[in-house]
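Chemist: Dropping the sequence and predicted coords here.
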Amino acid sequence: VQLVESGGGLVQAGGSLRLSCAVSGDTFGDYAIAWFRQAPGKEREKISCFSNYDYSTYYADFVKGRFTISRDNAKNTVYLQMNSLKPEDTAVYYCAADADGSGYNYWGQGTQVTVSS
């Protein structure tokens, strides 16, 4: 399983970005996919995810109402729409996959998001 993120960049506060995570694998529809981020000097934190059981979604409190996760199973891609971005959203954003219920064992290389004030 390979994951490739794209869509990061520099945006002003209040702006929007859409991140994409292209996932290889024959059973993408069965994968639980999550977005994480890590800012300099901080621990990695989970932002949002899809359950692989019922596609229910989870959002961390600090992104609720601003970020939306979605997936296109026909394209093996998961998206993270980020609106109302804040400088504190600046981080490297990663997508990760749990392909077999054993945890997020597959990770992308990350994409940098920088929000200027």
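Modeler: Yes, it's here.
Chemist: Identify all contacting residues around the host helix or strand of Gln112.
Modeler: Assessed by DSSP states H and E, Gln112 sits inside strand 111-116. With contacts defined as Cβ atoms under 8 Å, 6 or more residues apart in numbering, strand 111-116 is touched by 5-13, 15, 17, 19, 37, 82, 85-94. In this view, the C-beta of every residue, glycine as well, is placed from N, C-alpha and C.
Chemist: Selection in ChimeraX covering whichever of these are buried, please.
Modeler: ChimeraX command restricting those to the buried ones, with burial defined by 16 or more other Cβ atoms under 10 Å:
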select :5,7,8,11,17,19,37,82,85,89,90,91,92,93,94
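Chemist: Strands - which of the contacts of strand 111-116 land there?
Modeler: Taking DSSP state E, the ones among the contacts of strand 111-116 that sit in strands are 5-6, 9-12, 17, 19, 37, 82, 91-94.
Chemist: Please identify which two of these are farthest apart in space.
Modeler: Farthest pair in the ones in strands among the contacts of strand 111-116 (Cβ to Cβ) is Gln12 and Tyr94. Separation: 23.1 Å.
Chemist: Next, format the ones in strands among the contacts of strand 111-116 as a markdown table and append distance to Asp61 and pLDDT.
Modeler: A markdown table is the format used below for the ones in strands among the contacts of strand 111-116 (distance: Cβ to Cβ, whole Å; pLDDT from 0 to 100):
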| residue | distance to Asp61 | pLDDT |
| --- | --- | --- |
| Glu5 | 23 | 97 |
| Ser6 | 27 | 97 |
| Gly9 | 25 | 97 |
| Leu10 | 26 | 98 |
| Val11 | 22 | 98 |
| Gln12 | 24 | 98 |
| Leu17 | 20 | 98 |
| Leu19 | 20 | 98 |
| Arg37 | 14 | 98 |
| Met82 | 15 | 98 |
| Ala91 | 16 | 98 |
| Val92 | 21 | 98 |
| Tyr93 | 18 | 98 |
| Tyr94 | 19 | 98 |
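Chemist: and which of these is nearest to Asn105?
Modeler: Tyr94 (13.0 Å).
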